[in-house]
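Novice: Could you look at this predicted model? Sequence included:
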Amino acid sequence: MKATGGLVPESLEQSQPTAPPSAVGSAPVAPPAIPSRGRSDLKLGPYDRAVFYLILATVHLLSLLPDFALYALGVVAGRLAYRLDKRHVRIGLKNLEIAFPGKSADERRRILRESYVNLGRTGAEYIRLGGFFYRRLLRRVRYEGLELWDEMKRLSPGRGILILSAHFGNFELLAAAHAMNGHQVSLVHHTQRFLPGEALMTFVRERAGVGIIRKYAAARPVLRALHQGQMVGIPFDQNAKRSQALFVPFFGELAATTSGLARLARRSGAAVVPVFIIRDSNHRTHRILIQDEIPLQRSSDAEADMLENTRRFVAAIEQIVREYPEQFLWTHRRYRTRPRGAPRIYD
């Protein structure tokens, strides 16, 4: 249930690619080569390496199943996880109680159950993404609002764009589809403790054309990318440590939110644009929704600006989650870090 990573279109030394297709079934543009130190950075011992190759072989074997069978397995896995994952179900129901106090307990349970099923379908698509025939997924992704993105680049060349996103829909497919459609994309990524799983995640992303920027060394290349007019994406729906946090409302409850995006926006002058991937009602196709740039408050009071702009960023995520609550990752302890003196939210 742990979500990691964020979209970061990098390409510090390469030109911008052509625009991706705007409809499902359009012919994709071959992705450019993206320099990445991903899997080569990982120090895998003999045991971890053997486990990695065993998992990779299993993923490829499962990917031989036809799509209808993979999706069926995903739905079953999601429903089973909802029944067995008692700890995260409690967290999800608490989050939903905060977010939708006017809904009945049964309705909140339905939303959480569908969120688990969405994760199951996402897992099925991840098997396809990590195994054979992974480019089939491109036929299932279309863009909405791409002209806004292109217009911002045209009007403000060299300004850079900060992409605001969340762990919503099939968030892994958002990066991979963007890269396979010809965009130069990298991920700012926090290395996980389970190294075979980390190696698999890195393999899947890099094969799709997604570069990896390890989080511990991300600040300088991210700022350089913005100064060169590139796009940098940041997932913005996770709890922040107190030392890095601003407390802004998320569904009416103060949530510890990183100040990093507001600082980057102020320092670089980059536009902040919300981008989300939404699963369609048929459960098989997706649309990448590019929204209008978020207007930023810029005054002589930097601290007040950061607080207000962070509030606007979180509000953009809340808006899309209110519209499609079944596609959000409710099982994260979003309110774990509390304002001083405030009672704990979770047991």
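Specialist: Sure thing, it's come through.

Novice: Helices along the stretch 151-300 of the chain, start to end?
Specialist: Counting by DSSP state H, counting those that start in this stretch, one finds helices in the stretch 151-300 of the chain at the ranges 171-180, 195-208, 219-227, 260-268.

Novice: okay if I get those helices as CSV plus distance to residue 105 and mean neighbour count?
Specialist: In short, each C-beta sits where N, CA and C put it, glycine included. Shown next, in CSV, are the helices of the stretch 151-300 of the chain (distance: least, CB to CB, whole Å; neighbours: other CB atoms under 10 Å):
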stretch, distance to residue 105, mean neighbour count
helix 171-180, 28, 26
helix 195-208, 35, 20
helix 219-227, 42, 17
helix 260-268, 35, 19
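
Novice: Quick one: closest of those to residue 74.
Specialist: helix 171-180 (13.1 Å; CB to CB).

Novice: three-state assignment of residue 44?
Specialist: Under DSSP: H, G, I helix; E, B strand; the rest coil, the three-state class of residue 44 is coil.

Novice: that older thread, can you redo the helices of the stretch 151-300 of the chain as CSV with distance to residue 83 and mean pLDDT?
Specialist: Output for these, formatted as CSV (distance: least, CB to CB, whole Å; pLDDT from 0 to 100):
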stretch, distance to residue 83, mean pLDDT
helix 171-180, 24, 88
helix 195-208, 24, 91
helix 219-227, 41, 76
helix 260-268, 37, 88
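
Novice: Can you check which of these gets nearest to residue 312?
Specialist: Per CB to CB, nearest to residue 312 of these: helix 260-268, 9.2 Å.

Novice: which helices and strands sit right next to the closest one?
Specialist: Secondary-structure packing of helix 260-268 (3 or more CB pairs under 8 Å, 6 or more residues apart in numbering; DSSP states H and E): strand 161-165, helix 219-227, strand 231-235, helix 302-323.

Novice: For residue 108, which of these is the nearest?
Specialist: helix 302-323 (13.6 Å).

Novice: Which elements pack onto the closest one?
Specialist: strand 161-165, strand 245-250, strand 253-258, helix 260-268, strand 271-279.

Novice: Which parts of it count as buried, going by neighbours?
Specialist: 305-314, 316-318, 320-321 (16 or more other CB atoms under 10 Å).

Novice: what's the spacing between the residue nearest to residue 324 when sequence neighbours are not counted and residue 209?
Specialist: In this structure, residue 324 finds its nearest non-sequential neighbour in residue 278, 6.1 Å apart by CB to CB, 6 or more residues apart in numbering. Look at residue 278 and residue 209: by CB to CB, to the nearest Å, they are 22 Å apart.
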